[in-house]
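Colleague: Sequence plus predicted model, see below.
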Amino acid sequence: MLTILALNSEAATNDGISLFERMRAMAYPNRVLLGASITVPVLVVALIAAWRKRLGFVLLLGLVITEMAWNTSLAVWNNAVSDMHPNWVQRRLDALSEGPIVPESLPLNACDDNGHRLNHLAHATQDYLGGFSRNGVNSFWLRHAMELEITYPVLWNAMASNPVAYLAERVAPWSEGHARAITVERESGMVMLMDGTATDGFAPRTVDDRVQIIGFDRNRFTIQCELAGRGLLVLQQSHYPGWGVSVDGHAQPLLRANLAAMAVAVPQGQHEVVFSYQKPVVPYLLVLSLLVFFGLLFALAWPSASWLPRCGAFILLGMTLWSLLGNNPNREETGDLLQAAQDRLPDNASVILNDDGSSPMPTQGDMVGWRLRADEPTRAGIAWSVLEAATAHRTTKAPAADRELHWFDAALKADPAVRAMILDRWDTQVIARSGRSTHLSLTPRTESPSGKSFLEPDSTTTRWLHHDSPFGGGTTIALDSLAHFRRGSLVIDLMAVAPRNARAMIVIERKAGDRTTDYRALPIAADPHERPAYAVQPIDEVWRPGEVLKIYLWSHQGDSISERALRVRALPRRFHSW
């Protein structure tokens, strides 16, 4: 009855909204009623059984599990209560590169957690759901981030305009005045060392200085630097106890910068800097807690007359030891695949490496290689340019029968949008797989994959999107017409160009009459070179009988973007894997 009361008050005004969506949108009193609909009956049954002296272990365990299963899901409703099928979540995970991934040298505010996809430094459940979680919480959230953001917002924004590792332009002592006086536009490279640390003797960074992260795991950053003078290298990670730093293998003092981050003085010239974390106490506490836990567990289980408690204790001990010692998530197999491919590749092959910079490029004979990061949906156009360049190079360097084009997903997986672009234009054959790496051979296609077209491309008409006219072309699709493609994908692509680097969105909006029942914005990128832009949406995630999809292009930031040859197709495959 309480469940009916909780849901019924939402039903009248939420036609076309699923039960799960209504539960997520409930007011607080309705949520209390929904939780009580199980908690109250469980409590009543427990009291009656206790009064009759029948509240045994099995019944009590069943009641506790029932109550916990219901209210735990409701208590974390934004994560647990969803009509998203587990396979949808698995597809998103399968499309992700397996970490740890070497971070790009991009400003942190360009890599915020905006719900479009998962970041590499951490994964949030909200991302799996396609929802929104606080900007930066996954990729950059320092120990004193809240104090920085609230008390020193200008400094916070200045830090966000720099990458994970960068050189200081100017060094000053920490003080109230300095921290509040900087301007992001003019002093984004200002770094303030905590009081008591010498701030003189540092040269400002120059255009010739270089900083590159060449290695990364969960406890270590390896950075190559080339400096014209003595500089201050900043790593935007939390200054916790246990961190240390070395320059060319020699330990150096770890400095605290900008209240929350870490820094080290680096002399002139080329150097390798390693920030490493050693857990000073945690391993010993873990061993102690496990010894105490399993000691008590076996002390309780051994006197039992039944063999079940003893077997259960041994099984739990085995699972714990395997999780600590046998499961190695950092096992590297990329190098093995590339080394094996070296023997198979012809000397005149064109090789494209989708990589974070940590994998060796196969080189032999007349082989030519290109390296790029193709793990973002906005990289489809760049990947197309690289593949076109590789094809053109082989055309001029080798007879047609000898030309071979090879693609490696090395340390990264190609994004579904990049895969859709490649499969549109090239036939692919998987040569080998090894762990998280895949080796493909590519052959130009003579025609696009078969599917159902909902918007034919117009190659002769160009439309400009800008601040005063932010919406581009699009179409409306009755979802009932996609019933036969529910195991496939919507693929939207166009040719895009912009006077300067710009971004736009391909919006997929599901409508039930005038009501929007689902809304998704998929990012595309444009630059001064006309390139294809792609977006991919699995159909089963948006399919609902009797409703329609509105698909259109939107310049959400008001950037000037040219759109040409927009097309929308339903293809009978998914793109989370090759």
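Modeller: Perfect, thanks for sending it.

Colleague: Next up, the contacts around Asp94.
Modeller: Taking Cβ atoms under 8 Å, 6 or more residues apart in numbering, we find Asp94 in contact with 576-577. Bear in mind the C-beta positions are built from the backbone N, C-alpha and C, glycine included.

Colleague: where's it relative to Ala374, distance?
Modeller: 16 Å (Cβ to Cβ, to the nearest Å).

Colleague: Parallel or antiparallel, list what pairs with the host helix or strand of Ala533.
Modeller: Assigned by DSSP states H and E, Ala533 belongs to strand 531-538. The pairing partners recorded for strand 531-538 under DSSP bridges are strand 489-497 (antiparallel).

Colleague: Quick one, grab the pLDDT at Lys452.
Modeller: Here the pLDDT value assigned to Lys452 is 93.

Colleague: does it really touch Phe485, like I thought?
Modeller: Yes. With contact defined as Cβ atoms under 8 Å, Lys452 reaches Phe485; the gap is 6.7 Å.

Colleague: list the helices and strands the longest helix anywhere in the chain packs on?
Modeller: Taking DSSP state H as the criterion, the chain has its longest helix at helix 28-51. With contacts defined as 3 or more Cβ pairs under 8 Å, 6 or more residues apart in numbering; DSSP states H and E, helix 28-51 has these neighbours: helix 2-11, helix 57-75.

Colleague: Buried residues, the longest one. List them.
Modeller: For helix 57-75, the buried set under the neighbour-count rule, 16 or more other Cβ atoms under 10 Å, comprises 63, 67, 70-71, 74.

Colleague: For stretch 242-255, give me every contacting residue.
Modeller: 193-194, 197, 232, 237, 239, 262-267, 271-280.

Colleague: at 10 Å what do you get?
Modeller: 171, 191, 193-194, 197-199, 219, 221, 223, 225, 232-235, 237, 239, 261-267, 269-282 (Cβ atoms under 10 Å, 6 or more residues apart in numbering).

Colleague: number of nearby residues for the closest residue to Ala349 other than its chain neighbours?
Modeller: Nearest residue to Ala349, sequence neighbours excluded (Cβ to Cβ, 6 or more residues apart in numbering): Glu404, at 4.6 Å. If you count neighbours by other Cβ atoms under 10 Å, Glu404 ends up with 17.

Colleague: Pull the contacting residues for Glu404.
Modeller: Glu404 neighbours (Cβ under 10 Å, 6+ apart): 345-346, 348-351, 367, 394, 398, 441-443.

Colleague: quick one: the helices in the stretch 101-250 of the chain?
Modeller: Assignment of helices within the stretch 101-250 of the chain using DSSP state H, counting those that start in this stretch yields the ranges 125-128, 145-151, 153-160, 176-181, 184-187.

Colleague: quick check: mean pLDDT across the third one?
Modeller: When the per-residue pLDDT values of helix 153-160 are averaged, the result is 84.

Colleague: can I get the CA coordinates of that helix in CSV?
Modeller: Extracted C-alpha coordinates of helix 153-160, given in CSV (Å, rounded to 0.1, in the frame of the first residue of the first chain):
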residue,chain,number,x,y,z
PRO,A,153,38.5,30.8,-6.7
VAL,A,154,40.8,32.7,-9.0
LEU,A,155,43.8,30.5,-8.1
TRP,A,156,41.6,27.5,-8.5
ASN,A,157,40.6,28.5,-12.0
ALA,A,158,44.2,29.4,-12.8
MET,A,159,45.4,25.9,-11.8
ALA,A,160,42.6,24.4,-13.9
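
Colleague: can you list the weak-confidence ranges in the stretch 451-578 of the chain?
Modeller: Of all residues in the stretch 451-578 of the chain, none has pLDDT under 70.

Colleague: now do the chain
Modeller: For the chain, the ranges with pLDDT under 70 are 1-19, 21, 24-25, 74-82, 111-143, 176-186, 326-336, 365, 394-403.

Colleague: Mind splitting it into its structural domains?
Modeller: 2-80, 86-128, 145-277, 284-323, 334-444, 452-571 (automatic domain parsing).

Colleague: between these, which one is nearest to Trp578?
Modeller: domain 334-444 (5.9 Å; Cβ to Cβ).

Colleague: if we can go back for a sec, only whichever of the contacts of stretch 242-255 are buried, select them in PyMOL.
Modeller: In PyMOL, a selection of the buried entries from these looks like this (16+ other Cβ under 10 Å):
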select buried, resi 171+191+193+197+199+221+223+225+232+233+234+235+237+239+261+262+263+264+265+266+271+273+274+275+277
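
Colleague: Enumerate every residue touching the residue nearest to Tyr277 when sequence neighbours are not counted.
Modeller: Spatial nearest neighbour of Tyr277, excluding adjacent residues (Cβ to Cβ, 6+ apart): Asn219 at 4.4 Å. Contacts for Asn219 (Cβ under 10 Å, 6+ apart) come out as 100, 242-243, 275-279, 330.

Colleague: Looking at those, spot the one nearest Leu494.
Modeller: Out of these, the member with the shortest distance to Leu494 (by Cβ to Cβ) is Pro100, at 34.4 Å.

Colleague: returning to what we had before: can you lay out the buried residues of helix 57-75 as JSON lines showing distance to Arg567?
Modeller: Below are the buried residues of helix 57-75 laid out as JSON lines (distance: Cβ to Cβ, whole Å):
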{"residue": "Leu63", "distance to Arg567": "57"}
{"residue": "Glu67", "distance to Arg567": "52"}
{"residue": "Trp70", "distance to Arg567": "47"}
{"residue": "Asn71", "distance to Arg567": "48"}
{"residue": "Leu74", "distance to Arg567": "43"}
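
Colleague: ok, Val164 touching Ala110?
Modeller: No. Look at Val164 against Ala110 with Cβ atoms under 10 Å: they stay out of range, at 11.5 Å.

Colleague: Find the residues that touch each one of those two.
Modeller: Common neighbours of Val164 and Ala110, using Cβ under 10 Å, 6+ apart, are Glu104.

Colleague: okay, the two: which has more neighbours?
Modeller: Val164 (25 against 10).

Colleague: excluding its backbone neighbours, what's nearest the more buried one?
Modeller: Closest to Val164 by Cβ to Cβ, 6+ apart is Pro103, at 4.9 Å.

Colleague: Can you get me a residue count around that neighbour?
Modeller: Neighbour tally, Pro103, other Cβ under 10 Å: 21.

Colleague: next one: Asp366
Modeller: Using other Cβ under 10 Å, the number of residues around Asp366 comes to 12.
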